[in-house]
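S.K.: model the structure of this input:
(chains A and B)
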Amino acid sequence: DGGITQSPKYLFRKEGQNVTLSCEQNLNHDAMYWYRQDPGQGLRLIYYSQIVNDFQKGDIAEGYSVSREKKESFPLTVTSAQKNPTAFYLCASSSSAGAGYNSPLHFGNGTRLTVT
Amino acid sequence: AQSVSQHNHHVILSEAASLELGCNYSYGGTVNLFWYVQYPGQHLQLLLKYFSGDPLVKGIKGFEAEFIKSKFSFNLRKPSVQWSDTAEYFCAVSRVSGGYNKLIFGAGTRLAVHP
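M.R.: Residues are numbered from 1 along each chain as shown, chains lettered A, B, ... in the order given. Next up is the predicted model:
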């Protein structure tokens, strides 16, 4: 079955450590996205990539970094510079027309990151 | 600031009651509009979408939404809710920004339907 795989489901880290969240898709989608979901704030866009080797900052990119070396993979690194990293992180993808435009997002199951 | 606003954070209804969830956005120009739903323990999934044409859009499970351009609104409606509609609902707006399409979500509305 085609879909988006995020791993791990739960992740715990000590403050000051970088951590990388995995996102893999086998939908052959060009575009991939990372959102952060916090209670009462909905989903906020961290980074997005419309094509391999290209990515753009979203609304809350500070303290995060991404890479897009392969079409199917879009890992997100939460760095020690992110002031409030504890959150639920969602990865999504869409076909080449772009985020929502004629192609809805497909979401992964998410990774819940807790930093103490 | 440009944004997507959902007016109600929590809604509690009895089965068979009518539902209307508000959504307003503040972007000018051409936008595409969506409602996503997240059932307990499941992925976010698309409920319905509006790109152009008839402003009254019908989605899955009896949901519909009406795009009113003059009011920058895209409210979600269902005439008679069921217990299985208990979920969190997100309005989203897609627009071109800096040459890229971006999808911006509202804060979500958590709906609880009591039998």
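S.K.: worst-scoring helix or strand of chain A, pLDDT-wise?
M.R.: strand A:106-107 (a mean of 88; mean pLDDT, DSSP states H and E).
S.K.: the longest strand in chain A is where?
M.R.: strand A:42-51 (DSSP state E).
S.K.: what mean pLDDT does the following helix or strand past it get?
M.R.: Sequence order places strand A:54-57 as the next helix or strand after strand A:42-51, per DSSP states H and E. For strand A:54-57, mean pLDDT rounds to 92.
S.K.: next, the residue nearest in space to the middle of chain A: secondary structure please.
M.R.: Compute the mean C-alpha point of chain A, and by Cα atoms, centre = their mean the closest residue is residue A:34, 2.6 Å away. Using DSSP: H, G, I helix; E, B strand; the rest coil, the structure places residue A:34 in strand.
S.K.: list the contacts for it?
M.R.: Residues in contact with residue A:34 (Cβ atoms under 8 Å, 6 or more residues apart in numbering or on different chains) are A:21, A:23, A:45-48, A:58, A:64, A:66, A:74, A:76, A:89-92. C-beta here means a position set from N, CA and C on the backbone, and glycine is covered the same way.
S.K.: out of those residues, which touch chain B?
M.R.: When contact is defined as Cβ under 8 Å from any Cβ of the partner chain, these meet chain B at A:45, A:48, A:58, A:90, A:92.
S.K.: the first one pairs with what?
M.R.: Meaning residue A:45. Note on residue A:45: beta-bridge partners residue A:35, judged by DSSP bridges.
S.K.: that one contacts residue B:93, correct?
M.R.: No: Residue A:45 lies out of contact with residue B:93 (Cβ atoms under 8 Å); the separation is 11.7 Å.
S.K.: those residues of chain B touching chain A, which are they?
M.R.: Checking chain B against chain A by Cβ under 8 Å from any Cβ, the hits are B:4, B:6, B:9, B:32, B:34, B:36, B:43-46, B:49, B:51, B:90, B:92, B:94, B:96, B:98, B:100-108.
S.K.: and these, which are buried?
M.R.: Among the residues of chain B next to chain A, those classed as buried by 16 or more other Cβ atoms under 10 Å in any protein chain shown are B:4, B:6, B:32, B:34, B:36, B:43-44, B:46, B:49, B:90, B:92, B:94, B:100-108.
S.K.: residues contacting residue 85?
M.R.: Let's take chain A. With Cβ under 8 Å, 6+ apart, residue A:85 has these contacts: A:13, A:19, A:63, A:78, A:113, A:115.
S.K.: ah, I was thinking of chain B
M.R.: B:19, B:61, B:78, B:111, B:113.
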